[in-house]
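S.K.: coords below, sequence missing:
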């Protein structure tokens, strides 16, 4: 009897040890993260509440320190944004096979480090913003067949690099803002039929390049901030089902707004810093689905704002640094869904704000 109990006890210990060791490894990893000022998120559903997400952004985590994360076998999300991590540190992540989201934005990771990412074949979201990434490094992403969201903003990627992305058929979101991409490279994206969100802001893309985007029928969000796109180029967007369009800082004028009238699904439109005036706003009257409209730093006047009175779905409107006065804001009184209104740098007075607030009590007005 005693021998049986003793044997059972030994077996019990042997069975518990692996789990205990796993728990201890996870506890050490959590302590390491929290000591650095980071945080973790646990999955509350399974027994043991394993850590699934780690946030180390803006901490002093180093390449060597990433070894401490090896005990987090259930990790799916890792945020290393704005840390000191380099290519050497990426090697330490190779064992985290369950990772689906990895943020390496604003780190010192280069093309050499991207070779190590090939082992993380469950990645669906990868953020690589930084000057160390070039066209050569993009070849290493070919193995990441599940990749859907890719951030390459502020990298040295050029048109040549976009050829490498054509093989990633599952991509739905690509951030290429502040890269060396031009019109010539956009034809490489035509094969990405699932692409829904594309940011080309602050690139050398022009009207000619927009013709290449016409084939992307699934595109809903397009960022063109600070590009040379003009009224003529907007004609190329007529066949798309865009919901979000960012044209801030472009040479677009009232004439261009006529082309936008065809985009009946638009909900978010950013026109700040363009050459739009109040005259052109009548072209937006048919966009009944608009919820967010930015017209700050334009030549919009009191007369023009009256054209917005029919956009009953608006919740956010920015008219800062326009020629608005108290007389003009009265036209907004009928926009009962408005919750955020910015009027900085206008001639609207406190009295005008007070009067509008009485008509729109739920609206936060910043003047």
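M.R.: Good, I have the coordinates. Since this is a predicted model, take the numbers as computed values, not measurements. Numbers count the residues shown, from 1 in each chain.

S.K.: mind listing the helices for the stretch 1-150 of the chain?
M.R.: According to DSSP state H, counting those that start in this stretch, the stretch 1-150 of the chain carries its helices in the segments 2-35, 87-91, 111-114, 135-138.

S.K.: What is the burial count for the residue nearest to residue 83 when sequence neighbours are not counted?
M.R.: The spatially closest residue to residue 83, leaving aside those adjacent along the chain, is residue 61, at 5.2 Å (CB to CB, 6 or more residues apart in numbering). For glycine as for every other residue, the C-beta is placed from the backbone atoms N, C-alpha and C. When neighbours are defined as other CB atoms under 10 Å, residue 61 has 23 of them.

S.K.: Tell me how far residue 61 lies from residue 181.
M.R.: In this view, residue 61 and residue 181 are 31 Å apart by CB to CB, to the nearest Å.

S.K.: Let's see the pLDDT reported for residue 259.
M.R.: pLDDT for residue 259: 94.

S.K.: Hmm, residue 312 and residue 285 touching each other?
M.R.: No - using CB atoms under 8 Å, residue 285 is not in contact with residue 312, being 11.3 Å away.

S.K.: between those two, what contacts are shared?
M.R.: Taking CB atoms under 8 Å, 6 or more residues apart in numbering as the contact rule, residue 285 and residue 312 touch no residue in common.

S.K.: where's residue 198, which helix or strand?
M.R.: Assigned by DSSP states H and E, residue 198 belongs to strand 197-199.

S.K.: so where is this protein shaky, pLDDT-wise?
M.R.: 1-22 (pLDDT under 70).

S.K.: which residue is nearest the middle of it?
M.R.: Centroid check for the chain by CA atoms, centre = their mean gives residue 175 as the closest residue, at 7.5 Å.

S.K.: OK, contacts around that one?
M.R.: 129, 150-153, 199.

S.K.: same question, residue 189
M.R.: Counting by CB under 8 Å, 6+ apart, residue 189 touches 162, 165-166, 174, 195, 198, 212-213, 216.

S.K.: Reformat these into TSV and put distance to residue 317, neighbour count and secondary structure next to each item.
M.R.: As requested, the contacts of residue 189 are exported to TSV (distance: CB to CB, whole Å; neighbours: other CB atoms under 10 Å; DSSP: H, G, I helix; E, B strand; the rest coil):
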residue	distance to residue 317	neighbour count	secondary structure
162	36	24	helix
165	36	24	helix
166	39	14	coil
174	29	23	strand
195	30	25	coil
198	26	23	strand
212	33	18	helix
213	28	22	helix
216	29	21	coil
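
S.K.: Residue 360: which of these is nearest?
M.R.: Among those, residue 198 lies closest to residue 360 (CB to CB), at 35.0 Å.

S.K.: on that earlier part again, the residue nearest to residue 83 and residue 107: what is the separation?
M.R.: Counting by CB to CB, the gap from residue 61 to residue 107 is 10 Å.

S.K.: Please apply the same query to residue 139.
M.R.: The gap separating residue 139 from residue 107 is 20 Å, by CB to CB.

S.K.: who has more neighbours, these two?
M.R.: Taking other CB under 10 Å, residue 139 and residue 107 do not tie; residue 107 has more neighbours (23 against 16).

S.K.: can you tell me how far that one sits from residue 96?
M.R.: From residue 107 across to residue 96, the span is 16 Å (CB to CB).

S.K.: What of residue 276?
M.R.: If you go by CB to CB, the gap between residue 276 and residue 96 works out to 48 Å.

S.K.: In this model residue 238 seems to touch residue 262, though I could be wrong.
M.R.: Yes - counting by CB under 8 Å, residue 262 touches residue 238, with 4.4 Å between them.

S.K.: The two: who's more crowded?
M.R.: Per other CB under 10 Å, whichever of residue 262 and residue 238 has more neighbours is residue 262, with 16 against 13.

S.K.: quick one, what contacts residue 244?
M.R.: By CB under 8 Å, 6+ apart, the residues touching residue 244 are 220-222, 266-269.

S.K.: Next, it: phi, psi?
M.R.: With angles defined as degrees, to the nearest 10, residue 244 sits at phi -130, psi 130.

S.K.: Repeat that for the one 4 residues further on.
M.R.: Main-chain dihedrals, residue 248, degrees, to the nearest 10: phi -60, psi 140.

S.K.: got the residue ranges for the helices in the stretch 201-350 of the chain?
M.R.: Going by DSSP H, counting those that start in this stretch, the stretch 201-350 of the chain shows helices at 207-213, 231-234, 254-260, 302-305, 326-329, 350-359.

S.K.: wait, which of those helices is closest to residue 68?
M.R.: Closest of these to residue 68 is helix 207-213, at 44.1 Å (criterion: CB to CB).

S.K.: hmm, who's touching the closest one?
M.R.: For helix 207-213, contacts defined as CB under 8 Å, 6+ apart pick out 182-184, 186-187, 189-190, 198, 200, 219, 222, 228-230, 232-234, 236-237, 240.

S.K.: repeat that with 10 Å
M.R.: 181-190, 195, 198, 200, 203, 205, 219, 222, 224, 227-237, 239-240 (CB atoms under 10 Å, 6 or more residues apart in numbering).

S.K.: Could you identify the buried members of the residues you listed?
M.R.: Buried members of those, counted by 16 or more other CB atoms under 10 Å: 181-189, 195, 198, 200, 203, 205, 219, 222, 224, 227-231, 233-237, 240.

S.K.: For residue 102, which residues are in contact?
M.R.: Counted by CB under 10 Å, 6+ apart, residue 102 has contacts 76-80, 90, 93, 96, 117, 120, 123-128.

S.K.: next one: residue 278
M.R.: 254, 295, 298-308, 322-324, 328.

S.K.: Please repeat the previous calculation with a cut-off of 8 Å.
M.R.: Counted by CB under 8 Å, 6+ apart, residue 278 has contacts 299-305, 307, 323.
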